[in-house]
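>>> sequence and computational prediction follow.
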Amino acid sequence: MPPIAMRSSATWPNWALPGSTASPCPAAGRGWPSGRMPKYGLYRAAFEMLALPGVAAALRRRSAARGVIFTLHRVLPTRPAAFAPNAILQITPDFLEAVIGKVRAAGFEIVDLDEALRRLEAPQAKPFVVLTFDDGYRDNLEYALPVLEKHGAPFTLYIPTALVDGVGLVWWQALEDIIAAHDLVTVDLPEGPHYGDAATLAQKNATFAFAYERYRKMPEPEREASIRALAERYGFDLAAHCRSLIMDWSELKRFADHPLCTIGAHTVHHFELSKLPPAEMRAEIEHSRSVLAAQFGQTPRHLSYPIGGVAAAGPREFEAARELGFASAVTTRPGGLYPEHAAHATALPRISLNGLFQRKRFIDVLMTAEVFTLMRRGRRLDIA
């Protein structure tokens, strides 16, 4: 098969937009289909307008929202490299500190998930913010925890157990790292090998965008096989890579014992649950909870759906989480929390704190639930 150069233009991904309905998973939606204008500029323009003094606060005064849940992944002080498509997953410790200060100054209380659920049914309760971190990145211990401790801010850490054991795949970052290290990358796809130029920054971005989009569409077994073949081809140790990024059990024990931290389940392998047969889907959830209970002596009450967007988790998964007894389960569908969410606690929305909107002037917008409700034409619930 002749080489097929992947030269499609790459740009920031859909999922990183706080108001997008695309899944905010690492690297989701990189690149844009030919002929389609990126939405990022539109969102940025809207955020700039909403960030004008008094605008977001006026929306909050008219809103019935009780609070918001923020999604975070990585917290790092360093500036990303030129080629770093996954850098959108990270914010700086300074920005995290600014968020904590800003939400409290606006009259929000930072609470844990159990208190958030209580306040959904308490009309006179103060507005709240919940901080949640997905995946268990080691930088959460080094850079996020000191900020959270300094300000006494409770938070939830959602853990995918196979990644902690070093047998899962942080495949989105592995793909980036392999492309970063080579000038030509061969990716095995169902229709045959594809060859991506990666000598220049533009080529690396285009190759990543193409490969990521294809990987997201694959069934989980096919994607894992392709990633493992890619790693073997380039001598990339996936297990060591996973262990370098994700905390081990001894490090996580510090969080489990910490009075500010709630440990939540994030499945075993970080698979998109909607792609799995019903029994396997439930097993991913149940087994991760059992492993966490065995490790820490306490059964998790809260769940985060991996990827978490509309295509990754829906009514089937929401009902499974409810049947399995979880007090809450969070998506990455953007939105705030309203009284109506009390009856749909296993389909809670979150708002992404990410590298694209890491500007202090945007914090006021990000904590305004009504912004995201308006994006859904006034619908408070997004549970279909």
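Looks like it arrived, so ask away.

>>> quick one, what contacts the nearest residue in space to Gly107 that is not next to it in sequence?
What sits nearest to Gly107 in space, not counting adjacent residues and going by CB to CB, 6 or more residues apart in numbering, is Pro127, at 6.3 Å. Bear in mind the C-beta positions are built from the backbone N, C-alpha and C, glycine included. By CB atoms under 8 Å, 6 or more residues apart in numbering, the residues touching Pro127 are Arg60, Ala65, Arg66, Gly67, Gly107, Phe108, Glu109.

>>> just those: which are in strands?
If you go by DSSP state E, the contacts of Pro127 have Gly67, Glu109 in strands.

>>> neighbour-wise, which of the contacts of Pro127 leads?
Each of the contacts of Pro127 was scored for neighbours by other CB atoms under 10 Å, and Gly67 scores highest at 25 neighbours.

>>> tell me what that residue is bridged to.
Residues in a beta bridge with Gly67, per DSSP bridges, are Phe128, Leu337.

>>> could you number the chain from 311 rather than 1 from now on?
Yes, from this point I'll number from 311; that puts the last item at Gly377.

>>> where does this protein dip in pLDDT?
Along the chain, segments meeting pLDDT under 70 span 311-350.

>>> what's the single longest helix in it?
For the chain, the longest helix by residue count, based on DSSP state H, is helix 588-606.

>>> list the buried ones in that one?
Across helix 588-606, burial judged by 16 or more other CB atoms under 10 Å covers Met591, Arg592, Glu594, Ile595, His597, Ser598, Arg599, Val601, Leu602, Gln605, Phe606.

>>> of the residues you listed, closest to His576?
For the buried residues of helix 588-606, the residue nearest His576 by CB to CB is Ser598; the value is 6.7 Å.

>>> and that closest one, what does it touch?
Counting by CB under 8 Å, 6+ apart, Ser598 makes contact with Ile469, Pro470, Thr471, Ala575, His576, Thr577, Val578.

>>> roughly how far out does the longest helix of the chain sit from the chain middle?
On the basis of CA atoms, centre = their mean, to the nearest Å, helix 588-606 sits 20 Å off its chain's mean C-alpha point.

>>> next secondary structure after it?
For helix 588-606, the following helix or strand on the C-terminal side (DSSP states H and E) is strand 612-614.

>>> show me what the helix or strand just after that following strand is packed up against.
Sequence-wise, the next helix or strand downstream of strand 612-614 (DSSP H and E) is helix 625-633. Helix 625-633 sits against helix 588-606, strand 638-640, with contacts defined as 3 or more CB pairs under 8 Å, 6 or more residues apart in numbering; DSSP states H and E.

>>> which residues are contacting helix 625-633?
With CB under 8 Å, 6+ apart as the test, helix 625-633 has contacts from 583-584, 588, 591-592, 595, 613, 615, 639, 654-657, 693-694.

>>> ok, now with 7 Å
For helix 625-633, contacts defined as CB atoms under 7 Å, 6 or more residues apart in numbering pick out Leu583, Ser584, Met591, Arg592, Ile595, Leu613, Tyr615, Ala639, Thr656, Ala657, Ile693, Ala694.

>>> before we move on, the earlier item: which one of the helices and strands packed on helix 625-633 lies closest to Val495?
Nearest to Val495, of the helices and strands packed on helix 625-633 and by CB to CB, is helix 588-606 at 29.9 Å.

>>> ranges for the helices of the stretch 311-460 of the chain?
Under the criterion DSSP state H, counting those that start in this stretch, helices of the stretch 311-460 of the chain are mapped to 350-360, 365-371, 403-415, 423-430, 449, 455-461.

>>> of these, which is nearest Thr381?
Nearest to Thr381, of all those, is helix 403-415, at 12.1 Å by CB to CB.

>>> name the residues that touch that closest one?
Applying CB under 7 Å, 6+ apart, the contact partners of helix 403-415 are 385, 387, 420, 439, 453-454, 457, 461, 463, 663, 668, 670, 673-674, 677.

>>> change it to 10 Å
377-378, 380, 382, 385-387, 401-402, 418-420, 437-439, 441, 449, 452-454, 456-458, 460-463, 663, 665, 667-674, 676-677 (CB atoms under 10 Å, 6 or more residues apart in numbering).

>>> is it possible to mark the buried ones in those?
377-378, 380, 382, 385-386, 401-402, 418-420, 437-439, 441, 449, 453-454, 457-458, 463, 663, 665, 667-668, 672-674, 676-677.

>>> where does the nearest residue to Leu548 once chain neighbours are set aside fall, helix, sheet strand or coil?
In this structure, Leu548 finds its nearest non-sequential neighbour in Ala541, 4.9 Å apart by CB to CB, 6+ apart. Secondary structure, DSSP: H, G, I helix; E, B strand; the rest coil: Ala541 is helix.

>>> OK, contacts around Ala541?
Applying CB under 10 Å, 6+ apart to Ala541 gives the contacts Leu479, Trp481, Ala484, Leu485, Asp487, Ile488, Asp547, Leu548, Ala549, His551.

>>> and the helix or strand harbouring the fourth one, what does it pack onto?
Using DSSP H and E, the element containing Leu485 is helix 481-490. With contacts defined as 3 or more CB pairs under 10 Å, 6 or more residues apart in numbering; DSSP states H and E, helix 481-490 has these neighbours: strand 494-499, helix 511-527, helix 530-543, helix 548-555.

>>> got JSON lines for the ones you listed, with distance to Phe565 too?
Output for the helices and strands packed on helix 481-490, formatted as JSON lines (distance: least, CB to CB, whole Å):
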{"stretch": "strand 494-499", "distance to Phe565": "36"}
{"stretch": "helix 511-527", "distance to Phe565": "29"}
{"stretch": "helix 530-543", "distance to Phe565": "28"}
{"stretch": "helix 548-555", "distance to Phe565": "16"}
